[in-house]
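> Sharing a sequence plus its predicted fold:
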Amino acid sequence: MIIYTHDDCLKKFNGNNHPERKERLESILSSIKSSNLKVEFKEAPLVDLGTVSLVHPKHHIEQIFSNIPKEGIIGVEKEPYADTMLCPDSKNAILRSCGAGIAAVKDLMLKNERVFCAVRPPGHHAETVRANGFCFINNIAVAARYLQKQYKINKVAIIDFDVHHGNGTQEIFYKDKSVVYGSSHEFPLFPGTGAENETGVGNIFNATLKAGTTSKDFFRIFDQKVLRAIDRFKPEVILISAGFDAHVRDPLANINLESEDFFKITKNIVDIANTHSKGRVISFLEGGYDLQALSESIIEHLNALKPHI
């Protein structure tokens, strides 16, 4: 299994006490390196804006980059939601987070290797022309479009088990039958989207979770509302938005999963991939803000992903 990451992803600074901080990625990488997992680390390349424009207009991304400060940090949203920050080192972190997904697609399609993209900033809140929720480029959406364009993949499934709804991913594919999006998330919670009646053109499947949901109820809902829909779709490739903030320890949400639950979540996805998708899976780091929970959960996730195709 391949892990894409880069030191540039550690340089993005969102301000003191911001939950999306470099220590998240450091704890994940440290945990992987001290485990017995057999992985190959590769450096995430810079994505080119032509590839990003498969999802986001070039002028939109250029506008974001034009706002990068020479010093200090600035928020890209209006108050009181200004928590999606730009710092002097933002550009390469953003481009490498997306570039990891493009490189991962090539390894998946040409070498039959499963890949985890250990990158930040995350991506699933980024809409076509709106950065929000700590996200600027929707990394998983660009990878999906690249799969379709470069490798003529007709049916892509995106499964998002981050505790926050991926409003960006849903918005991008809302009227596209070639991409199915299934999300489990606490509701109501930021960003406020993801009601179960948001169904797109029959390709959007939202599984809402009440605050306090336990593992047993999570798996019942996840299976009924997300996994069965993906199984019916029979995707050619599955992409995962892997957020670990549904963990009981996470400070930003109220779902009570344990670290070992992320093995079962991932194994259930891999089983569908083995049935319909030639085992083809790429996973992208999204949320997760408790360092101990991240360190433990990522090993569970990768252990379920690890068999070679």
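Arrived safely. Note that this is a predicted model, so its numbers are computed, not measured.
> On the three-state scheme, the residue nearest to S53 when sequence neighbours are not counted is what?
Spatially, and ignoring its direct neighbours in sequence, S53 is nearest to I61 (7.8 Å; Cβ to Cβ, 6 or more residues apart in numbering). For every residue, glycine as well, the C-beta is placed using N, CA and C. The local conformation at I61, judged by DSSP: H, G, I helix; E, B strand; the rest coil, is helix.
> can you dump the C-alpha coordinates of stretch 187-199 into PDB?
Written as PDB, here are the backbone C-alpha positions of stretch 187-199 (Å, rounded to 0.1, in the frame of the first residue of the first chain):
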ATOM      1  CA  PHE A 187     -27.200  16.000  11.800                       C
ATOM      2  CA  PRO A 188     -27.800  18.800  12.600                       C
ATOM      3  CA  LEU A 189     -24.200  19.900  12.700                       C
ATOM      4  CA  PHE A 190     -21.800  22.000  10.500                       C
ATOM      5  CA  PRO A 191     -22.200  22.600   7.600                       C
ATOM      6  CA  GLY A 192     -26.000  22.200   7.900                       C
ATOM      7  CA  THR A 193     -26.500  20.300   4.700                       C
ATOM      8  CA  GLY A 194     -27.000  16.500   4.300                       C
ATOM      9  CA  ALA A 195     -30.600  16.000   5.000                       C
ATOM     10  CA  GLU A 196     -31.900  12.600   3.800                       C
ATOM     11  CA  ASN A 197     -34.300  14.300   1.300                       C
ATOM     12  CA  GLU A 198     -31.200  15.700  -0.500                       C
ATOM     13  CA  THR A 199     -31.000  13.000  -3.100                       C
END
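> what's in contact with that stretch?
125, 132-133, 163-167, 170, 183, 185, 204-211, 225, 253-254 (Cβ atoms under 8 Å, 6 or more residues apart in numbering).
> Can you select the buried ones from the residues you listed in PyMOL?
Buried members of the contacts of stretch 187-199 can be picked out in PyMOL with the line below, counting by 16 or more other Cβ atoms under 10 Å:
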select buried, resi 125+132+133+163+164+165+166+167+170+183+185+204+205+206+207+208+209+225+253
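> out of the contacts of stretch 187-199, which are inside helices?
Among the contacts of stretch 187-199, the residues falling in helices (DSSP state H) are 167, 170.
> isn't the residue nearest to S53 right next to V142, touching?
No - judged on Cβ atoms under 8 Å, I61 makes no contact with V142 at a distance of 10.7 Å.
> Could you check how far the residue nearest to S53 is from G166?
I61 is 19 Å from G166, where distance means Cβ to Cβ, to the nearest Å.
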